[in-house]
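Participant: Just need the structure, nothing else, for what follows:
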Amino acid sequence: MSILVTGGAGYIGSVTVEALREEGELVAVLDDLSNGHRRAVAPEVPFYEGDVGDESLLAAVIAKHEITQVVHFAGYISVSESVGEPLRYFDNNTGRVVSMLSALRAGGVKNVVFSSTAAVYGEPEYTPIDEDHPKRPINPYGLSKYFVEQILDWADSAFGITHVALRYFNASGAAAGRGEAHKTESHLIPLVLQVPMGKRRYVEVYGSDYPTPDGTCVRDYIHVADLADAHVKALRYLKSGGASRKINLGNGKGFSIREVIAAAERVTGVNIPVREAARREGDPSVLVSASGKARETLGWSPRFPELENIVGSAWDWHKVHPDGYKK
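Facilitator: Okay, the predicted model is just below:
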């Protein structure tokens, strides 16, 4: 009996694979390596390079490893890119999940933990955002994930495939010797840390006129190790017979872009210049999570909530891996 992790060579996926292995679980990984890195997965973990929409490949993996549960990370993640390439995002993030679920149904797999996002909520009507907040995604990325959540509801109703959709906020930091190494980096903390690493001269701040205390976007940053722990707990919850749930994951506290930059300056001891730029289309002003449901349903709470700890773990990883997973 094994757990299949799709996108398991990616940032959050690879940390979750190690967290599962530490719990004694047998794990197999499927990743097309479009954004993941083979070196992020331990060589002893069964690894399959391929598309999550390839039903014949999934059928073979499910049968060979006696897969009983799936953690689905595989997907594109850039809000700004999704605005320019919406069809690509709907095809990859939504359409291929339909093929995956068909393969899971055929293979008798009954549990899915889905990597969703706070982007399903859109511009908040109130904060912190709880799971009952209206879902009005304002970019194709968020909509592509919200479509999957609804598809999962129908798969549960029709086929008894139960799920936990984890709507997490801003994944950050590093753990288990694994960190952020995107081929095109769009996340704030690694971009900020490129300045003290000598890879860029300044950080661009997209919009300084948001209705926030310092005019910049406010986000809820959550340590990647805490995210991995939540996925482990969600699998246990489903294995014990838990019903399908949509659950937020966040620290419950927001930090502005300027606060993140200031934290990075304290951690690295380097002054980080800022250049102001126009707002990016599709960026809500504030995204902060209410995470009571995660505590009540999964028994989960963040172990590393402090911003400087999150930034510090990322800095420690980038210093050792200045070029990511490249040799």
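Participant: so after the strand or helix carrying residue 226, what's the next helix or strand?
Facilitator: Here residue 226 sits within helix 224-239, counting by DSSP states H and E. Scanning forward in sequence from helix 224-239 by DSSP H and E, the next helix or strand is strand 245-249.
Participant: quick one: strands adjacent to that next one?
Facilitator: Looking at strand 245-249 with DSSP bridges, its partner strands are strand 162-168 (parallel).
Participant: now could you export just the CA positions of the partner strand as CSV?
Facilitator: Extracted C-alpha coordinates of strand 162-168, given in CSV (Å, rounded to 0.1, in the frame of the first residue of the first chain):
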residue,chain,number,x,y,z
THR,A,162,-13.3,11.5,-0.8
HIS,A,163,-11.0,14.5,-0.7
VAL,A,164,-9.4,17.3,1.4
ALA,A,165,-8.8,20.4,-0.6
LEU,A,166,-6.2,22.4,1.2
ARG,A,167,-6.5,26.1,0.4
TYR,A,168,-3.1,27.5,1.4
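Participant: List the pairing partners of the helix or strand following it within its sheet, with orientation.
Facilitator: Later in the chain than strand 162-168, the nearest helix or strand by DSSP H and E is strand 170-172. Paired strands of strand 170-172, with direction, are strand 221-223 (parallel) (DSSP bridges).
Participant: now the partner strand: mean pLDDT?
Facilitator: For strand 221-223, mean pLDDT rounds to 96.
Participant: ditto for stretch 308-316
Facilitator: The pLDDT scores in stretch 308-316 average 97.
Participant: Kindly calculate the angle that the helix holding residue 226 makes with strand 245-249.
Facilitator: Interaxial angle, helix 224-239 versus strand 245-249 (axes from the mean of the first three to the mean of the last three CA atoms, to 10 degrees): 160 degrees.
Participant: Just the buried residues of helix 224-239, please?
Facilitator: Under the neighbour-count criterion of 16 or more other CB atoms under 10 Å, helix 224-239 has 224-235, 237-238 buried. Yep, even glycine has a C-beta here, placed from its N, CA and C like the rest.
Participant: Mind giving me the packing neighbours of that helix?
Facilitator: Applying 3 or more CB pairs under 8 Å, 6 or more residues apart in numbering; DSSP states H and E, one finds that helix 224-239 contacts helix 11-22, strand 67-72, strand 111-117, strand 162-168, strand 170-172, strand 245-249, helix 292-298.
Participant: How far away from the center of its chain is the helix or strand following the shortest one?
Facilitator: Tracing the chain past strand 170-172, the next element assigned as helix or strand by DSSP H and E is helix 188-193. For helix 188-193, the gap between its own C-alpha mean and the chain's C-alpha mean amounts to 16 Å (CA atoms, centre = their mean, to the nearest Å).
Participant: How about stretch 238-256?
Facilitator: With CA atoms, centre = their mean as the basis, stretch 238-256 stands 12 Å off its chain's centre.
Participant: Kindly report the same for stretch 283-291.
Facilitator: Between the centre of stretch 283-291 and the centre of its host chain there is 15 Å, according to CA atoms, centre = their mean.
Participant: Same check on stretch 138-145?
Facilitator: Worked out by CA atoms, centre = their mean, stretch 138-145 lies 14 Å from the chain centre.
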